[in-house]
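Chemist: Structure, please.
(chains A, B, C, D, E and F)
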Number of protein chains: 4
Amino acid sequence: MAREKDIDKLHAIYKATLQLVLKQGFSGLRMGDVAKEAGIATGTVYIYFQDKNDLINQLYLWLKSRNVEAYMLGYDASKPFMNNFRQLWYQYAQVSLAAPQESAFLEQYYRSPFLSEEVRNTAENMLKPIYELLAKGKAEHLVKDFPTELLIAQLMGPIHELVKFHAEGKFSVDEIVLEQAFRLAWDSIKS
Amino acid sequence: MAREKDIDKLHAIYKATLQLVLKQGFSGLRMGDVAKEAGIATGTVYIYFQDKNDLINQLYLWLKSRNVEAYMLGYDASKPFMNNFRQLWYQYAQVSLAAPQESAFLEQYYRSPFLSEEVRNTAENMLKPIYELLAKGKAEHLVKDFPTELLIAQLMGPIHELVKFHAEGKFSVDEIVLEQAFRLAWDSIKS
Amino acid sequence: MAREKDIDKLHAIYKATLQLVLKQGFSGLRMGDVAKEAGIATGTVYIYFQDKNDLINQLYLWLKSRNVEAYMLGYDASKPFMNNFRQLWYQYAQVSLAAPQESAFLEQYYRSPFLSEEVRNTAENMLKPIYELLAKGKAEHLVKDFPTELLIAQLMGPIHELVKFHAEGKFSVDEIVLEQAFRLAWDSIKS
Amino acid sequence: MAREKDIDKLHAIYKATLQLVLKQGFSGLRMGDVAKEAGIATGTVYIYFQDKNDLINQLYLWLKSRNVEAYMLGYDASKPFMNNFRQLWYQYAQVSLAAPQESAFLEQYYRSPFLSEEVRNTAENMLKPIYELLAKGKAEHLVKDFPTELLIAQLMGPIHELVKFHAEGKFSVDEIVLEQAFRLAWDSIKS
DNA sequence: GATGAATGAGTTTTCATTCAT
DNA sequence: GATGAATGAAAACTCATTCAT
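Modeler: Purely as a prediction, here's the structure:
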């Protein structure tokens, strides 16, 4: 059914959909608009995607994996904790801030009833290495011995918040702020 | 006089709407269902609210102000920084965790295209005292001299994240975790 | 049920209704608007009128009878044909032009499905004297011996048309034009 | 290509709408009924017309232009006045009487608040040749030197009135009556 | 595969009328 | 009598999805 053809068309659909969802939310998303924005006919969208729900789920996965791939770049579990931690933290922050709307989208719609359990789980699994990294940090007594979820929340929460501020134009995050943010993050969890 | 506009009916509509939004999201919200859930006729909803959008905006404001009122309880700008900080942090966390879905709702829909600029601004203004508290902490050299927005992100981000984990049932936040979370928060920003 | 009370209120309703019908037509007429325009409560309209249909029919009758009464003023079947003809023609024209919107209303909605057969017949009967006058004119060989309906159409048609032009502001009818119009009318039917 | 917009479907909608408006007036017109009468789905009507109002305006224009085309047939400004006058008068009358309901519709709804200014103007412009013809008649001293609008009212008014009588079944207009009517018309305006 | 007209179930919203006060 | 909140049936319009071309 799907993806017999034209990858450009596929990407055009993804981009159009993201654009429209950011502007009007999931419920404001109309398949006709997606097609128009992507420069194709309504029916064509149904060649690439089962239905509206499928489109949304595929889009989520597409964005999420691009996102994860970007911030995991160069990650190597065998490197020392601090190297990985610093690199991962900065990459996660930088990738998120580079495309704040995409990141806000991933954040905001993670709980949407449009997303299937399966997609949610797939997205969740992509965080595994981060959990493992923190576990390692705790084992090496570099990080406070608190529940990993709590540490994750403590690390990702501020970044998500900053990204939202940044996306809203409420607060601009530059190099200096980023370093301050890292300092806050590390002061927070270091043992 | 005829029957007066009924505040119980108003609240019934709010509660019905919240119920339904939590279950199915905004896009799944049907005015007919709201009325049914509230035990009134469809048309009656339109006596209390202009239209669906107005209902959502008013609901947001209603929840937000109840929420703010709850965590601001006992706050007194003239008390020492640390007293206010600790109290506010705990109250914010506890109030948020006590009704995690409601809190997640407030977080999630703050960026929703459904909310009018006006409502968003009103909600934003409710955070003023928190900004002022942090400014005071910085002035007294108790808190790192970093941009207030960064500190806010650092403090609220983890709580929001925890609330989501809690709401999802992914991680249960008890008294001990709360104390650990506070410790992380304070270690993070203290100068 | 009706008319126990306040004739001022009754007239306020009539005037409000006429106003609104002229602006938006019958189908655009809302009972709530009528009440608001008349400065009373919605329910009150139903004290004076059975329902929307009754209101429209009563309004029509009210306007029509005021209208007929005005142009029949001074009519006396026993006077010579030409006296009656001239007087009636001028009065019909002047009354119609004095309140062109009312006249246009009476004309335009005479065929509306809102009007009951009964009201239509009542209105129709008010034209009887005009028919009789023309019959008399024919009998006295002053007027062409053509079907009375044809003569009526020939006499009233132009006035109705002029009133519409006048109401639209497309053509202003003054004393001179009125005399020209009478000349046309008489040249037309005189034998 | 997919199916092309279908002119038969368009005409079916026009005819269905006219049918229903004649039966129940504008206010009784339901889009669902139009669709059913035209043998298509409700949504399809909205492919051809923006909304109910647009449908009504387009219908008016469609009928009006068919109407004008019919009575202007053979009109040639270069022919002698009397030829054009007689032909135009008869054609206008015959066309109007041949479809009296349609004509009454065009008359009655010309002033309806449903019609847009634009459509009204377009319809108005179609009368231009008639104005010019009368101006010519005046210039040649064949017709009384009265304002053209007055002459127009004098000529069209009776026909409109007759058409209404005819449509109502109140008075049947045959060949003989038509000749009498023409005689009245000409006696009226000739100089 | 691509198109976009057609479908019609589903939703929002309106508004005549009622009725508790 | 007067009021206006409440009702709920009815209508306009939308939009995901299909399918003839």
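
Chemist: Spell out which residues make up each domain of chain A.
Modeler: A:1-49, A:65-189 (automatic domain parsing).

Chemist: D:S172: which of the ones you listed is closest?
Modeler: Among those, the nearest to D:S172 by C-beta to C-beta is domain A:1-49 (53.7 Å). Every residue, glycine included, has its C-beta placed from N, CA and C.

Chemist: So that closest one, near chain B or not?
Modeler: Yes: on the criterion C-beta under 8 Å from any C-beta of the partner chain, domain A:1-49 is in touch with chain B at A:K23, A:Q24, A:G25, A:F26, A:S27, A:G28.

Chemist: and whichever residue of chain A sits closest to DNA strand E, what helix or strand is that in?
Modeler: Chain A approaches DNA strand E most closely through A:G43 (1.7 Å), counting by C-beta to the nearest atom of the strand. Per DSSP states H and E, A:G43 falls inside helix A:42-48.

Chemist: Who are the packing partners of the first helix or strand past that helix going along the chain?
Modeler: Once the chain leaves helix A:42-48, the next helix or strand it forms, by DSSP H and E, is helix A:52-72. Applying 3 or more C-beta pairs under 8 Å, 6 or more residues apart in numbering or on different chains; DSSP states H and E, we find helix A:52-72 packed against helix A:7-24, helix A:31-38, helix A:81-98, helix A:100-108, helix A:117-125.

Chemist: go with 6 Å
Modeler: Other helices and strands packing on helix A:52-72, by 3 or more C-beta pairs under 6 Å, 6 or more residues apart in numbering or on different chains; DSSP states H and E, are helix A:7-24, helix A:81-98, helix A:117-125.

Chemist: who touches the following helix or strand past the last one?
Modeler: Translated: helix A:117-125. Downstream of helix A:117-125, the next assigned helix or strand under DSSP H and E is helix A:128-139. Helix A:128-139 is contacted from outside by A:F81, A:N84, A:V143, A:D145, A:T148, A:L151, using C-beta atoms under 6 Å, 6 or more residues apart in numbering or on different chains.

Chemist: Dump the C-alpha coordinates for helix A:128-139 into CSV.
Modeler: Written as CSV, here are the backbone C-alpha positions of helix A:128-139 (Å, rounded to 0.1, in the frame of the first residue of the first chain):
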residue,chain,number,x,y,z
LYS,A,128,17.2,3.5,27.1
PRO,A,129,20.8,4.6,26.7
ILE,A,130,20.2,7.6,28.8
TYR,A,131,18.9,5.4,31.6
GLU,A,132,21.8,3.2,31.4
LEU,A,133,24.3,6.1,31.4
LEU,A,134,22.8,7.4,34.6
ALA,A,135,22.8,4.0,36.2
LYS,A,136,26.5,3.8,35.4
GLY,A,137,27.0,7.2,37.0
LYS,A,138,25.3,6.1,40.1
ALA,A,139,27.3,2.9,40.2
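
Chemist: What residues of that helix count as buried?
Modeler: Neighbour-count burial for helix A:128-139 flags A:I130, A:L133, A:L134, A:K136, A:G137, A:K138 (criterion: 16 or more other C-beta atoms under 10 Å in any protein chain shown).

Chemist: okay, those in TSV with pLDDT and distance to D:A16 next?
Modeler: Formatted as TSV, these follow (pLDDT from 0 to 100; distance: C-beta to C-beta, whole Å):
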residue	pLDDT	distance to D:A16
A:I130	93	64
A:L133	95	70
A:L134	96	70
A:K136	95	75
A:G137	96	74
A:K138	97	75
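
Chemist: is it fair to say A:F114 lies in a strand?
Modeler: No: per DSSP: H, G, I helix; E, B strand; the rest coil, A:F114 lies outside any strand segment and is coil.

Chemist: Touching, it and A:I56? I think so.
Modeler: Yes: counting by C-beta atoms under 6 Å, A:F114 does reach A:I56; the two are 4.9 Å apart.

Chemist: give me every residue that touches A:H166.
Modeler: A:L97, A:P100, A:V173.

Chemist: what helix or strand does it sit in?
Modeler: helix A:148-168.

Chemist: now that helix and helix A:128-139, what's the angle there?
Modeler: In terms of direction (axes from the mean of the first three to the mean of the last three C-alpha atoms, to 10 degrees), helix A:148-168 departs from helix A:128-139 by 130 degrees.

Chemist: Dump helix A:148-168 to PDB, keeping only the CA atoms.
Modeler: Taking Å, rounded to 0.1, in the frame of the first residue of the first chain, the C-alpha atoms of helix A:148-168 are listed here in PDB:
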ATOM      1  CA  THR A 148      16.900   7.000  37.800                       C
ATOM      2  CA  GLU A 149      13.500   8.400  36.800                       C
ATOM      3  CA  LEU A 150      13.900  11.200  39.200                       C
ATOM      4  CA  LEU A 151      17.300  12.000  37.800                       C
ATOM      5  CA  ILE A 152      16.000  11.900  34.300                       C
ATOM      6  CA  ALA A 153      13.200  14.200  35.200                       C
ATOM      7  CA  GLN A 154      15.700  16.500  36.800                       C
ATOM      8  CA  LEU A 155      17.800  16.500  33.700                       C
ATOM      9  CA  MET A 156      15.300  16.600  30.900                       C
ATOM     10  CA  GLY A 157      12.700  18.800  32.600                       C
ATOM     11  CA  PRO A 158      14.700  22.000  32.500                       C
ATOM     12  CA  ILE A 159      15.800  21.400  28.900                       C
ATOM     13  CA  HIS A 160      12.200  20.900  27.800                       C
ATOM     14  CA  GLU A 161      11.200  24.000  29.700                       C
ATOM     15  CA  LEU A 162      13.900  26.100  28.100                       C
ATOM     16  CA  VAL A 163      13.000  24.800  24.700                       C
ATOM     17  CA  LYS A 164       9.400  26.000  25.200                       C
ATOM     18  CA  PHE A 165      10.600  29.400  26.400                       C
ATOM     19  CA  HIS A 166      12.900  29.500  23.400                       C
ATOM     20  CA  ALA A 167      10.200  28.500  21.000                       C
ATOM     21  CA  GLU A 168       7.800  31.100  22.400                       C
END
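
Chemist: Mind listing what's buried along that helix?
Modeler: So, applying 16+ other C-beta under 10 Å, buried residues of helix A:148-168: A:148-167.

Chemist: Stretch A:179-191 too?
Modeler: Those would be A:Q180, A:A181, A:L184, A:A185, A:W186, A:D187, A:S188, A:I189, for stretch A:179-191 by 16+ other C-beta under 10 Å.
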